[in-house]
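# The following comprises the amino acid sequence and a computationally predicted model.
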Amino acid sequence: MICALVTGGSRGIGRAICEKLAADSDYYILINYQGNEEAAKQCLSLVEGAGGKGEILKFDVSDSEAVETALQSWVDRNPEAVVEVIVNNAGIARDGLFMWMKKADWQSVLDISLNGFFHVTNFFIQKMLRNRYGRIINIVSVSGVKGTAGQTNYSAAKAGIIGATKALAQEVAKRNITVNAVAPGFIRTDMTADMDEKELVKMIPANRFGEAEEVADLVSFLASKKSSYITGEVININGGIYS
């Protein structure tokens, strides 16, 4: 059983990625979620509807022990399974001006995005190196590339993953493992539902928000063998926003 793991896979961009990987590949899709089991089950139904197979895995990516326990338990139940693709998508936003930012809002955003990347990727990296193949795709943000006022914590977390992407890519490239980051701009999801879309499109040359499916198309390509000479890259998908 050859697998692709998508963290934060139950909703939004993560859900679109799970569905697209199911449609485009033969990967068994592991859908990670933290709290919303119903949304995770709905995602699994979409995966199956796209002709794929998979299962849901509940764990908090920011909790190292929870990640270790959940993933080791899954490996023990599936000793022949190989995880070839990791999509580090889990993340949260706790926006606010830095001068009023609470330590908890700073820490939780870094814990889920940046530490979550470490916990999940570190669990599988030695296995990927032994197998001499892997695709690691990190979902970052335009905020991590150029910085966004009111998102110092989110920008710091995503920028940290960008640096990790570039460094890790150099460490593992000889083993046919690619590591890339995808940096979406304004994408129409639950996370952007409360934003003033009419006002914000004025700063987007493409004059619209992107769709989660468009991000999923890019991730699916990076997860495929067609992308084998692309590594250490940050690919912006933002409708032309200066970055």
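Arrived safely. Residues are numbered from 1 along each chain as shown.
# Now do the same contact list for residue 64.
Contacts were defined as C-beta atoms under 8 Å, 6 or more residues apart in numbering; by that measure residue 64 touches 115, 119. Where C-beta positions appear, they are placed from N, C-alpha and C, glycine not excepted.
# Residue 110 contacts residue 155, correct?
No: the pair residue 110 / residue 155 is not scored as a contact, 10.9 Å apart, by C-beta atoms under 8 Å.
# Look at those two and report which has more neighbours.
The neighbour count for residue 110 versus residue 155, taken as other C-beta atoms under 10 Å, is higher for residue 155 (21 against 17).
# Give me the phi and psi angles of the more buried one.
Reported as degrees, to the nearest 10, the phi and psi values for residue 155 are phi -60, psi -40.
# what's the spacing between it and residue 74?
Residue 155 sits at a distance of 33 Å from residue 74 (criterion: C-beta to C-beta, to the nearest Å).
# just residue 104 next, same as before
Where residue 74 is concerned, residue 104 sits at a distance of 30 Å (C-beta to C-beta).
# try residue 44
In this structure, residue 44 and residue 74 are separated by 15 Å, where distance is defined by C-beta to C-beta.
# pretty sure residue 87 belongs to a strand, no?
Yes: checked against DSSP: H, G, I helix; E, B strand; the rest coil, residue 87 lies within a strand.
# burial count for it?
Number of residues near residue 87 (other C-beta under 10 Å) recorded here: 31.
# If I look at the residue nearest to it when sequence neighbours are not counted, what pLDDT would I see?
Taking C-beta to C-beta, 6 or more residues apart in numbering, and ignoring the residues beside it in sequence, residue 87 has residue 6 as its nearest neighbour in space, at 4.4 Å. pLDDT for residue 6: 98.
# just how off-centre is the worst-scoring helix or strand of the chain on mean pLDDT within its chain?
Lowest mean confidence among the helices and strands of the chain (mean pLDDT, DSSP states H and E): helix 197-200, at a mean of 74. When C-alpha coordinates are averaged (C-alpha atoms, centre = their mean, to the nearest Å), helix 197-200 and its chain have centres 25 Å apart.
# what lines up beside the very next helix or strand once past that helix in the sheet?
Beyond helix 197-200 in the direction of the C-terminus, DSSP states H and E gives the next helix or strand as strand 210-211. Based on DSSP bridges, the strands next to strand 210-211 in the sheet, each with its direction, are strand 187-188 (parallel).
# any idea which element residue 213 lies in?
Assigned by DSSP H and E, residue 213 belongs to helix 212-222.
# er, residue 41 actually
Going by DSSP H and E, residue 41 is in helix 37-49.
# And the helix or strand that that helix is followed by, how far out from the chain middle?
Stepping forward along the backbone from helix 37-49, the first helix or strand reached (DSSP H and E) is strand 53-58. Chain-centre distance of strand 53-58: 16 Å, with C-alpha atoms, centre = their mean.
# Check which residues of strand 53-58 are buried.
For strand 53-58, a neighbour-count test (16 or more other C-beta atoms under 10 Å) marks 54, 56, 57 as buried.
# And for stretch 31-40?
By neighbour count with 16+ other C-beta under 10 Å, stretch 31-40 contains the buried residues 31, 32, 33, 34, 39, 40.
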